[in-house]
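Undergrad: Let's see this in three dimensions:
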Amino acid sequence: MLMIRSARLRQILQTVLPFLVMPAVVLLMPRGVQADYYALVSFAMVVMALLLFASGFEKREVGTRRMIMVSVMTALSVIGRMLPLIKPITALTILSALYLGKEAGFLVGALSAVLSNFVMGQGPWTSFQMLAWGLIGLFAGIFAKPLLRSRALLYAYGLLSGAAYSMIMDVWTTVWTYREFTWLEYSGALYTALPFTVTYALSNLLFLMLFAKPVGDKLSRIRKKYGL
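TA: Numbering: from 1, shown residues only. As a prediction, this is how the structure comes out:
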């Protein structure tokens with residue numbers, strides 16, 4: 001397991017990777033490169049997500065234990081994405097971040113996207129999905145304390161996350177359909193995708209209501225037992 005010893009380097013990676021480098025790769029890379037080399041772009045996103053995850057721990061054994069739990073949560077998310085219409089991937093990403101850390105949340109979201117797309121279909125949209133679900137997990141980890149204290153706040157974050165995922169993917173739809181981003185076309189994409197956006201948001205709320213306590217309790221016990 002890769003371990004980054006420098007605290008300063010860890011802080012830099014935790015800021016630069018998710019908020020600068022990865023969005024730049026997804027949003028600013030030429031359209032032709034995204035279309036022709038989407039597998040390479042997705043691989044680069046995976047590597048950066050792993051680096052971000054490695055920046056979240058100081059001890060090798062802690063990182064290894066956390067990686068095992070990330071693998072389990074990712075597997076559950078990938079399996080859950082096979083469900084029609086309603087999918088628990090966003091809810092499981094949020095719960096992973098709350099109990100395993102923001103870097104783990106980003107990794108669960110990003111890996112769930114790229115791995116499930118081996119079944120759902122890989123393409124230039126994969127990197128957008130990785131960034132969208134990754135950021136949802138990252139921000140859930142950043143605001144973990146208030147989200148864990150208030151179930152109502154957690155549910156509200158779940159609703160907003162479902163809507164945010166759809167809105168981020170509508171950016172991709174606009175750019176790839178019209179070859180540029182304009183607010184007029186983007187508002188049209190938002191309107192067209194409104195039924196799906198509502199479905200994502202409500203299904204995420206449903207899964208958080210179902211999973212928050214049982215999954216949260218298990219992850220909390222594991223975190224305390226192994227000192228994650």
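
Undergrad: which one in this protein is furthest away from the centre?
TA: The centre of the chain is farthest from one residue, Leu184, which by Cα atoms, centre = their mean lies 27.5 Å away.

Undergrad: Report the separation between that residue and Ala164.
TA: Here the criterion is Cβ to Cβ, to the nearest Å. By it, Leu184 lies 21 Å from Ala164. C-beta here means a position set from N, CA and C on the backbone, and glycine is covered the same way.

Undergrad: try Tyr155
TA: 15 Å.

Undergrad: Ok, Arg221 next?
TA: In terms of Cβ to Cβ, Arg221 sits 30 Å off from Ala164.

Undergrad: can you give me the helices in this protein?
TA: Ranges of helices in the chain, per DSSP state H, are 7-16, 22-28, 31-36, 38-54, 60-80, 89-100, 102-120, 125-142, 144-149, 151-178, 183-192, 194-226.

Undergrad: rewinding a little: Arg221 and Ala164: who's more crowded?
TA: Shown here are Arg221 and Ala164; by other Cβ atoms under 10 Å, Ala164 has more neighbours (19 against 11).

Undergrad: Arg81 reaches Ser116, doesn't it?
TA: Yes. If you go by Cβ atoms under 8 Å, Arg81 and Ser116 touch, sitting 4.3 Å apart.

Undergrad: Need the overlap of contacts for these two.
TA: Counting by Cβ atoms under 8 Å, 6 or more residues apart in numbering, the shared contacts of Arg81 and Ser116 are Ile89.

Undergrad: where in this protein is pLDDT low?
TA: For the chain, residues meeting the criterion pLDDT under 70 lie at 1-5, 58-63, 228.

Undergrad: can you do 90?
TA: Filtered on pLDDT under 90, the chain yields the residue ranges 1-13, 26-37, 54-68, 82-87, 171-183, 196, 200, 222-228.

Undergrad: so of the helices of the chain, which one's packed in deepest?
TA: helix 89-100 (a mean of 29; mean count of other Cβ atoms under 10 Å).

Undergrad: and that one, how far from the chain's centre?
TA: Relative to its parent chain, helix 89-100 has a centroid offset of 9 Å by Cα atoms, centre = their mean, to the nearest Å.

Undergrad: Show me what that helix is packed up against.
TA: Secondary-structure packing of helix 89-100 (3 or more Cβ pairs under 8 Å, 6 or more residues apart in numbering; DSSP states H and E): helix 60-80, helix 102-120, helix 125-142, helix 144-149, helix 151-178, helix 194-226.

Undergrad: do you know how far the residue farthest from the centre of the chain is from Tyr178?
TA: Applying Cβ to Cβ, the value for Leu184 to Tyr178 is 9 Å.

Undergrad: Sounds good, over and out.
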